[in-house]
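In: pasted the sequence and its predicted model underneath.
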Amino acid sequence: MQNRLTIKDIARLSGVGKSTVSRVLNNEENVRPETRERVLQVIEEHNFSPSKSARAMRGFSDKVIAIVVSRLDSPSENQAVRAMLPLFYQQGYDAIVLESQFSVERVKEHLQVLKQRNIDGVILFGFTGLTAKMLLPWRDKLVMMAREMPGLSSVCYDDAGAVQLLMKTLLDRQINEIGFIGVSPRDTTTGLKRTRAYEECCQQHGLAAHIALGELTWQSGYDLLPQLLKHDIRAVVCASDTIALGAQKYLQQQQISGVLVCSIGNLPLLHFLFPESFSVELGYGAAGDAAARQLLAQLDGSTDLQQTIIRGKLAL
Ligand SMILES: O=P(O)(O)OC[C@H]1O[C@H](O[C@H]2O[C@H](CO)[C@@H](O)[C@H](O)[C@H]2O)[C@H](O)[C@@H](O)[C@@H]1O
């Protein structure tokens, strides 16, 4: 029962505010000595112990791993994180999830706080703009997802291989009029690598390339598809399943048949709503599993840094 006390209870029993209790737990200086003494006495009397993640956020090292996702609403990152969590829990780690929104500044701020809080390890979903300078100090306790950086462990996807698989499948079906919806080449993986792989395939097979680039959203797939339909395409390769959802929605709404949509991700929602589409399963779960195992092994000193690439497979 005593362990279930919250900071709010401690504040009430000590006759102070919650923020004062926090300052005492954080060992901050701006608390009067007699107040600090009273709060500590109540904490001791009640054998109070903050939850693991709360302790970690207050500076106690207590087996906590931080997972910095790029977007909390990303289906692909969710799949990877869901595969990681059971492995961390099995080893007695708690996890806290932070979001970067592809902002380098936000990652810097997160890492600063995580350092102050003495966090045990970090999984960081990488993106364009992150630098070795800011990440190398973390090398022993960090695994980067979806990006490689010399001197860091990483788990990446086979972006070009996924596009090649989709193109080969279409060509095997004698479909040669193929468009592509992707994202900006500033995004060097989902953007540049996937678009380049499409262009190279077109060049190799003497096909006309029709490319529309936008965002990583279903709205983008919906808005961009009409541009490609002007070229009488019979199929469209989308850089992600989320983009494909938008493209499919456009075809459905306009009652257009005869255009096949395929994409990268293997999102269950896409196949539930549009069973006629097909994807490459890029291996988000497998990547999450590999990253968690790598980080745990780094933390217990049983492995060196490693760069892993997960191969995709066709999910028809
Ligand atoms: O729609 P989603 O399920 O979110 O998938 C879109 C792509 O998300 C991931 O790529 C993006 O985030 C990466 C970090 O996780 C970042 O490195 C990359 O530049 C972004 O494009 C995922 O890696 C891709 O496979 C998904 O297609």
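Out: Everything's here; your move. Keep in mind the model is a prediction, meaning the values are calculated, not measured.
In: buried ones in stretch 162-180?
Out: By neighbour count on 16 or more other CB atoms under 10 Å, the buried set for stretch 162-180 is 162-167, 169-171, 175, 177-180. For glycine as for every other residue, the C-beta is placed from the backbone atoms N, C-alpha and C.
In: any chance of these in TSV, plus secondary structure and pLDDT?
Out: Formatted as TSV, the buried residues of stretch 162-180 follow (DSSP: H, G, I helix; E, B strand; the rest coil; pLDDT from 0 to 100):
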residue	secondary structure	pLDDT
Ala162	helix	98
Val163	helix	98
Gln164	helix	98
Leu165	helix	97
Leu166	helix	98
Met167	helix	98
Thr169	helix	97
Leu170	helix	98
Leu171	helix	98
Ile175	coil	97
Glu177	coil	98
Ile178	strand	98
Gly179	strand	98
Phe180	strand	98
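In: tell me which two in the residues you listed are the farthest apart.
Out: Using CB to CB, these span at most 20.6 Å, a distance reached by Ala162 and Glu177.
In: returning to what we had before: can I get the buried residues of stretch 162-180 in TSV with distance to Gln101?
Out: Putting the buried residues of stretch 162-180 into TSV (distance: CB to CB, whole Å) gives the following:
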residue	distance to Gln101
Ala162	25
Val163	26
Gln164	31
Leu165	30
Leu166	29
Met167	32
Thr169	34
Leu170	34
Leu171	38
Ile175	37
Glu177	37
Ile178	33
Gly179	29
Phe180	26
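In: and of the residues you listed, the nearest to Leu72?
Out: Distance to Leu72 across these (CB to CB) is lowest for Ala162, with 24.0 Å.
In: what about stretch 231-240, start to end distance?
Out: The straight-line separation of the ends of stretch 231-240 (CA to CA, to the nearest Å) is 21 Å.
In: what about it, average pLDDT?
Out: The average pLDDT for stretch 231-240 rounds to 97.
In: what comes into contact with it?
Out: With CB atoms under 8 Å, 6 or more residues apart in numbering as the test, stretch 231-240 has contacts from 76, 163, 166-167, 170, 175-183, 190-191, 194-195, 198, 208, 210, 216, 221, 225, 228, 244, 247, 258-265.
In: what helices or strands is the strand or helix carrying Leu13 leaning on?
Out: Element membership for Leu13 (DSSP states H and E) is helix 7-14. Secondary-structure packing of helix 7-14 (3 or more CB pairs under 8 Å, 6 or more residues apart in numbering; DSSP states H and E): helix 18-25, helix 33-45.
In: measure how that helix sits relative to helix 18-25, angle-wise.
Out: Relative orientation of helix 7-14 versus helix 18-25 (axes from the mean of the first three to the mean of the last three CA atoms, to 10 degrees): 90 degrees.
In: buried ones in helix 7-14?
Out: Residues of helix 7-14 classed as buried: Ile7, Asp9, Ile10, Ala11, Leu13, Ser14 (neighbour count, 16+ other CB under 10 Å).
In: and of the residues you listed, the nearest to the ligand?
Out: Nearest to the ligand out of the buried residues of helix 7-14 is Ile7 (CB to the nearest ligand atom; 33.7 Å).
In: separation between the closest one and Arg36?
Out: 15 Å (CB to CB, to the nearest Å).
In: same deal with Ala197?
Out: 61 Å.
In: more neighbours, these two?
Out: Ala197 (24 against 18; other CB atoms under 10 Å).
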